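Student: no sequence on this one, just coordinates:
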């Protein structure tokens, strides 16, 4: 094809038809430019199609991940609700100073020494963020929800650090010094322990300002966890609907 056009140009020059040659040359340049533009447009179409397919694939995987995490968060909320109930019961017994309630105190006091990290796992979402795909989300509402999820997960990471610090620096040291944990742990842990050892001085616990504050601070943390988990659950439910709309 190149040789064909070259022969045409050569014939025009040989015959002295300069004006026709110039017109032909301009026309040839025009065709080349048009061809390049068309090629670029086709390339852009292909690139956009590849990006759309990639985003669609991630939306489907994110939808599956969000549905799984909804179940995880619901289970965490159930566990935190149980801890909150036991921690409130512990404080009520301490406030009553009722010696007859010591058996009930033993059944509930272990909730103060139970610290669960959330360890929320969002592998697909983290991969989505690492590839910079959040900036390519077109729907404003979906993008906002994904941004909120990113913020929520960062918040839970910091919260897990606080839970660890509170347990290691405040709760565990107090239990180690003043409470026979093998008798006071929650049943699911206690069944694996050796029963025995010195008895807990409950009269001391009833009068201890430090223990009252330890229990109150732990309850505060549990209630904060519950608010955060319910907020996350609400966000995940909204995100699930948006992702469903994008993939169906």
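Tutor: Happy to help now that I have it. Source: prediction; values computed, not measured.
Student: so how far is residue 125 from the residue most central in space within the chain?
Tutor: Residue closest to the average C-alpha location in the chain (CA atoms, centre = their mean): residue 153, at 4.1 Å. Counting by CB to CB, to the nearest Å, the gap between residue 153 and residue 125 amounts to 8 Å. Every C-beta, even on glycine, is put in place using the N, C-alpha and C of the backbone.
Student: now swap in residue 157 and tell me
Tutor: As judged by CB to CB, residue 157 and residue 125 stand 13 Å apart.
Student: shaky segments in this protein?
Tutor: 1-29, 31-32, 37, 39-47 (pLDDT under 70).
Student: quick one, helices of it?
Tutor: Secondary structure of the chain (DSSP state H): helices located at 2-14, 18-96, 102-108, 123-130, 140-166, 172-178, 181-184, 187-190, 202-207, 209-247.
Student: could the ones you listed go into TSV alongside distance to residue 116?
Tutor: Converted to TSV, those look like this (distance: least, CB to CB, whole Å):
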stretch	distance to residue 116
helix 2-14	73
helix 18-96	7
helix 102-108	17
helix 123-130	21
helix 140-166	8
helix 172-178	14
helix 181-184	17
helix 187-190	12
helix 202-207	24
helix 209-247	9
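Student: and of the ones you listed, who's closest to residue 114?
Tutor: Closest approach to residue 114 among the helices of the chain is made by helix 18-96 (6.0 Å; CB to CB).
Student: mind listing what residue 62 touches?
Tutor: Remark: with contacts taken as CB atoms under 8 Å, 6 or more residues apart in numbering, residue 62 is in contact with 124, 125, 128, 243.
Student: could these be laid out in a markdown table, adding distance to residue 191?
Tutor: Below are the contacts of residue 62 laid out as a markdown table (distance: CB to CB, whole Å):
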| residue | distance to residue 191 |
| --- | --- |
| 124 | 37 |
| 125 | 37 |
| 128 | 42 |
| 243 | 42 |
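Student: out of the residues you listed, who's nearest residue 110?
Tutor: residue 125 (34.5 Å).
Student: what does stretch 150-166 contact?
Tutor: Contacts of stretch 150-166 (CB under 8 Å, 6+ apart): 115-120, 122, 125, 129, 134, 217-218, 221, 224-225, 228, 231-232, 235.
Student: swap the cut-off to 6 Å and go again
Tutor: 115, 117, 118, 120, 232 (CB atoms under 6 Å, 6 or more residues apart in numbering).
Student: Now it: buried residues?
Tutor: Buried residues in stretch 150-166, counted by 16 or more other CB atoms under 10 Å: 150, 152, 153, 156, 159, 160, 163, 166.
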